[in-house]
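Novice: Provided below are the primary sequence and the corresponding predicted coordinates.
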Amino acid sequence: SQQGEEDPQALSIQEGENATMNCSYKTSINNLQWYRQNSGRGLVHLILIRSNEREKHSGRLRVTLDTSKKSSSLLITASRAADTASYFCATVPSGFGNEKLTFGTGTRLTIIP
Amino acid sequence: DTGVSQDPRHKITKRGQNVTFRCDPISEHNRLYWYRQTLGQGPEFLTYFQNEAQLEKSRLLSDRFSAERPKGSFSTLEIQRTEQGDSAMYLCASSLISQGISPSGSLNEQFFGPGTRLTVL
């Protein structure tokens, strides 16, 4: 079953604008990860944030995590056409031994040139 | 190419036939995972291995599904008597479990293969 939901389900923006997508989850986590998936292909790992971190940056990506609200956001700055893809958050539950990823429903991002 | 590979990339089969997929993880990765993804949804966990041991299976993994990782390297996923509802993308991922410094346990960055798209007619 899906762990949570992502919002919005779909997002279209102009190239150069910033894109923000949100993820909510249900249980306590060890870490939360964001993945990108181009149409019909495998997933590419983007960034991992631990439960004791609140914000993390990687290039044009910024991820925040609010464990009290069980939510995370992914910001992509200065978007490019190549950023067009589906973005998924995935959580690893807290507690050693719970290693499987539980994915959200994804946000379909379209960058308009 | 040192990434995760999957074979075949596409498989079309008739209902009732058996199919087998193969996954080759990144070498030296001790964890291997199988996920299934249907159209418009996120991947759903099926099962995972640590080395050759299958440690967890999802309720999604019915009796018709079996996975193996005999030598702790590559893995196979077999679906017997396929049904139309089995049509999906089957994704394999691998990871190297290492202990984090926090008391909350280990990190788990998984690397995914390109997937095998199964169509059951």
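Specialist: All right, it came through fine.

Novice: Could you check which helix or strand contains residue 21?
Specialist: The chain I'm using is chain A. strand A:19-24 (DSSP states H and E).

Novice: Hmm, no, I was thinking of chain B.
Specialist: B:Phe21 belongs to strand B:19-24, assigned by DSSP H and E.

Novice: Give me the next element, helix or strand, following that strand.
Specialist: strand B:31-37.

Novice: Strand partners (parallel or antiparallel) of that following strand?
Specialist: In the sheet, strand B:31-37 lines up against strand B:44-50 (antiparallel), strand B:88-95 (antiparallel) (DSSP bridges).

Novice: Turn the ones you listed into TSV, including mean pLDDT and mean neighbour count.
Specialist: The way it works is simple: take the backbone N, C-alpha and C, and place the C-beta from them, glycine included. Converted to TSV, these look like this (pLDDT from 0 to 100; neighbours: other Cβ atoms under 10 Å in any protein chain shown):
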stretch	mean pLDDT	mean neighbour count
strand B:44-50	93	21
strand B:88-95	94	24
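
Novice: As JSON lines, those strands with distance to A:Ala90 would be great.
Specialist: JSON lines is the format used below for the strands paired with strand B:31-37 (distance: least, Cβ to Cβ, whole Å):
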{"stretch": "strand B:44-50", "distance to A:Ala90": "10"}
{"stretch": "strand B:88-95", "distance to A:Ala90": "10"}
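
Novice: Compare those and give me the one nearest B:Gln17.
Specialist: Nearest to B:Gln17 among these is strand B:88-95; the distance by Cβ to Cβ comes to 15.4 Å.
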